[in-house]
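Sequence and computational prediction follow.
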Amino acid sequence: MPNHSIQNGGAFITVINPTTGKREIITDPIGNSRVLFDNLTSVQSISVSSYGSFVFVCEIPQPVPETPIHIRSQSRSKTRRPLTQHEALARPRNIEHGNPLTHVCMKVVFVGDKPGRITDLYTKEIVTLDTAVQEVQTQHRMYRKLISGGTGANTEIIPDAFGSCLLTHEDFKALIHKSKPSTPSSPIETQYVLAFIERIARTHKLQLYVSFIEYLTGYSPFNESDPVHKSAISTIGAYVLAIFLKTGCISLDMHSGNIMIHNLFGSVQFIDFGRLICLFQEKGKAEVKKWFKAYSENCQDRDLNYLHMCFGPAWGTGMSATQATEAEVQGHFNRYCDTLETRLQRWLTPRPRPTTRPTPSVDDIKEVFDLLTFIGFIDCLCGFSKKRQGQTIFLMQFGLCMNLLLGREIKKPFLIDDIIRIRSNFDKRIREHKNREQFKKRLIEIVGILSQSLQPDESLGTPRSADSFEYHENSDEDEQEIIVVDEASSPKKSQRRRSRSRGRSRSPGRKKHKAGGRKPITKKRRRVKRKTRVSRRKY
């Protein structure tokens, strides 16, 4: 289903230049959005439960001409390619096209010289400045990747992180008097939270990195008891796969609090997308292979056989008669990861749009099951890579939704051993499933939503090409350039003009007229200049 959100193509910030008095764009808002922080009118805390950050919703001034700062969602071209910030402002009619934003989401993290943890009323992690900046840039780039390259608007499934700045505790202290009182819908005492952040930063000599993200109006974290939210579980699975198929990225923090559902329409958005791993890049594949090697070395012989079944050439066909070795299991997993991008390319190959919804093939259903369980396996491997001394249980962040997707009990923990056994024999799992028909129906729904979300269009660029991930100022020069047509460069026009003037003497211009010469065209004793032809703009 289409997403009902305020975003259209990202957000941009404009400010009035005090010297010229004209409105200008903040060209590099990541790290340079202090002006937005200074112009916040009110702040309200909406989440303190995250281990990494505090989250607030902030109001900004109404976008009237005299307001010093404006934030708007970017407009799109007629080919539905998002305009760059420069392109949107280069045309006066596009400046006002984007939806004005009056609320933004503000995320605050503690920044120190080295990573650490605060154990006080709230337990929070301390990150380095490079890590904080990288998370914001990663979410911004992921948003750009998902809305680019020929898969339409249905992959706008994460909000854009469009600005950030670094603050001291003194800078942050000015925000305390702007706090809103608590309400039944937001019972957290904002002023107390702000004072706590300022006190911790002052006491431990930390800085605060503030990032600004599009605020999703009408959304709330996934709640399995809400019927609207529960009806969106197939969409959640399809969108997780859409992100993976298009970018090769897997979020390493995909718990239910980071899955936002529209309370009325059931649309899905993913937030906090700064921590991920990409399996379409050599660095990401090498990291995952290292996790797998550490896990396989920790396995018993029986577990190695199950791992061999999970990633062998004919995965999911049953237990092998011979004992698998660590080298064989590692080799199968390496080949699985190396061939993944090529094998999944068919989902992004342009194809005719069907008039009716086609029936998913058995191969499509198996591949969806394979990818969902593989994403869950990588999620668990990440937890294993951070294991503490003596830890033997490794959960996945995506466990609640995976239980719903695979028809398991909601409250049952999803362990790495569960994923391995589920992947080991697909046909057997289907036969032994308690709600076999409902499980197959869920997979068919996911295939349908996924196919609808990934409708490649060659005119919008290749989905995975580097060009479709970046937007340069002159990327569409043919649409920006104003073409002045000269008479000499247009033979047909000049030929028609000569045929009309045949038999008449040439106009001598504004100088002294010769006898018999045609007077210049005038209106009220002034020469009327011929209008310069300008090509029509495409926007």
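Everything's here; your move. If you're wondering where the values come from, they're calculated on a predicted model, not measured in any experiment. Numbers count the residues shown, from 1 in each chain.

any low-confidence regions in the stretch 201-350 of the chain?
By pLDDT under 70, the low-scoring segments of the stretch 201-350 of the chain are 312-322, 350.

now the helices for it?
Secondary structure of the stretch 201-350 of the chain (DSSP state H, counting those that start in this stretch): helices located at 227-230, 233-247, 282-297, 301-311, 326-338, 340-343.

Please identify the deepest-packed of those.
helix 233-247 (a mean of 24; mean count of other Cβ atoms under 10 Å). Every C-beta, even on glycine, is put in place using the N, C-alpha and C of the backbone.

Quick one: list the elements packing against it.
helix 129-146, strand 249-251, strand 268-270, helix 362-385, helix 399-405, helix 436-453 (3 or more Cβ pairs under 8 Å, 6 or more residues apart in numbering; DSSP states H and E).

try 6 Å this time
Judged by 3 or more Cβ pairs under 6 Å, 6 or more residues apart in numbering; DSSP states H and E, helix 233-247 is in contact with strand 268-270, helix 399-405, helix 436-453.

would you turn those into a markdown table with mean neighbour count?
Listed next are those as a markdown table, based on neighbours: other Cβ atoms under 10 Å:
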| stretch | mean neighbour count |
| --- | --- |
| strand 268-270 | 23 |
| helix 399-405 | 22 |
| helix 436-453 | 18 |
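
mind putting these in a markdown table, distance to T342 included?
A markdown table is the format used below for those (distance: least, Cβ to Cβ, whole Å):
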| stretch | distance to T342 |
| --- | --- |
| strand 268-270 | 26 |
| helix 399-405 | 26 |
| helix 436-453 | 19 |
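
Nearest to G284, out of these?
In terms of Cβ to Cβ, the element of the helices and strands packed on helix 233-247 nearest to G284 is strand 268-270, at 18.4 Å.

residue ranges of the strands in the stretch 151-300 of the chain, please?
Ranges of strands within the stretch 151-300 of the chain are 161-167, 207-214, 219-221, 249-251, 259-262, 268-270, 276-278, based on DSSP state E, counting those that start in this stretch.

The first one to strand 207-214, inter-axis angle?
I take that to be strand 161-167. 160 degrees (axes from the mean of the first three to the mean of the last three Cα atoms, to 10 degrees).

Name the strands paired with strand 161-167 and say parallel or antiparallel.
Sheet pairing of strand 161-167 (DSSP bridges) gives strand 207-214 (antiparallel).

what inclination does the strand it pairs with have with respect to helix 129-146?
Put simply, strand 207-214 runs at 10 degrees to helix 129-146, going by the same axes, to 10 degrees.

Pull the residues that contact strand 207-214.
Defining contact as Cβ atoms under 6 Å, 6 or more residues apart in numbering, one finds that strand 207-214 is touched by 7, 11, 36, 104-109, 111, 132, 136, 159-161, 163-167, 172, 201.

ok so, going back, make CSV from the strands of the stretch 151-300 of the chain and add distance to S42 to it.
Below are those laid out as CSV (distance: least, Cβ to Cβ, whole Å):
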stretch, distance to S42
strand 161-167, 18
strand 207-214, 15
strand 219-221, 20
strand 249-251, 31
strand 259-262, 22
strand 268-270, 23
strand 276-278, 32
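
could you list every residue that touches R34?
Per Cβ under 6 Å, 6+ apart, neighbours of R34: C165.

And for the closest residue to S251 other than its chain neighbours, the neighbour number?
Nearest residue to S251 in three dimensions, chain neighbours excluded: L276, at 5.0 Å (Cβ to Cβ, 6 or more residues apart in numbering). Number of residues near L276 (other Cβ atoms under 10 Å) recorded here: 19.

can you offset everything so residue one is 43?
Okay, residue one is now 43; in that scheme the one you just asked about reads as L318.

Verify the stated contact: L318 with C291.
Yes: L318 lies in contact with C291 (Cβ atoms under 6 Å); the separation is 4.6 Å.

tell me the SS of the spatially closest residue to I255 that is not a sequence neighbour?
Of all residues not flanking I255 in the chain, C147 sits nearest, at 4.4 Å (Cβ to Cβ, 6+ apart). Three-state assignment for C147 (DSSP: H, G, I helix; E, B strand; the rest coil): strand.

where does R385 sit relative to Y378, distance-wise?
9 Å (Cβ to Cβ, to the nearest Å).

oh, I was asking about V77
According to Cβ to Cβ, V77 and Y378 sit 48 Å apart.

One more: V146?
From V146 over to Y378 the distance is 41 Å, taken as Cβ to Cβ.

Likewise for I461?
Distance of I461 to Y378, computed by Cβ to Cβ: 14 Å.

Next: P103.
Counting by Cβ to Cβ, the separation of P103 from Y378 is 53 Å.

Same check on G279?
G279 is 20 Å from Y378, by Cβ to Cβ.

Kindly report the same for T401.
Taking Cβ to Cβ, one finds T401 at 28 Å from Y378.

same check, this time on T245
When T245 is compared with Y378 (using Cβ to Cβ), they lie 49 Å apart.

Same check on S495?
Distance, S495 to Y378, using Cβ to Cβ: 24 Å.
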